[in-house]
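Chemist: Take this sequence and fold it.
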Amino acid sequence: NSFCNTEFDNQLWSAMSANGSCEAYYKEGSSTSICDHLYDPDIDYVYIPHGRLGGSQQLLRKFAIHATLFLIQIPEHCRDFAVRLMCMYSLLLALWF
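Modeler: Alright, predicted model coming up:
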């Protein structure tokens, strides 16, 4: 299951291929991030635009893993909201900026 399995017309697929690529979704157990449970667990491939975080989902994952260290400083009643906000924001950064 993935966005990459969607059927596109040739023009759209050419534009997407020129600006990014489909790659296997990085799911190594040794580097599970706090954001993994918020994303669709059935995703196997993702579209990574060139120039978005260097075109690397590993950088996005590393950010989420390291950010976890700072979450313990947030009061527990706010923590879930902070996690959701951080994960959605970092996903948007990866896709749009």
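Chemist: The helix or strand bottoming out on mean pLDDT in the chain: what's the following helix or strand?
Modeler: The weakest-scoring helix or strand in the chain, judged by mean pLDDT, DSSP states H and E, is strand 45-49 (a mean of 69). Of the helices and strands lying after strand 45-49 in sequence (DSSP states H and E), the nearest is helix 57-71.
Chemist: helices and strands around that next one, which ones?
Modeler: helix 76-96 (3 or more C-beta pairs under 8 Å, 6 or more residues apart in numbering; DSSP states H and E). To be clear about C-beta, it is placed using only N, CA and C from the backbone, and glycine gets the same treatment.
Chemist: in this structure, which segments are predicted with low confidence?
Modeler: Along the chain, segments meeting pLDDT under 70 span 1-8, 12, 24-34, 36-46, 49, 51-57, 60, 64, 89-97.
Chemist: So Cys22, which state does it fall into?
Modeler: For Cys22, the assignment made with DSSP: H, G, I helix; E, B strand; the rest coil gives strand.
Chemist: Pretty sure it sits against Trp13.
Modeler: No. Using C-beta atoms under 8 Å, Cys22 is not in contact with Trp13; the gap is 10.5 Å.
Chemist: of those two, who's got more company?
Modeler: Cys22 (16 against 12; other C-beta atoms under 10 Å).
Chemist: All set, thanks.
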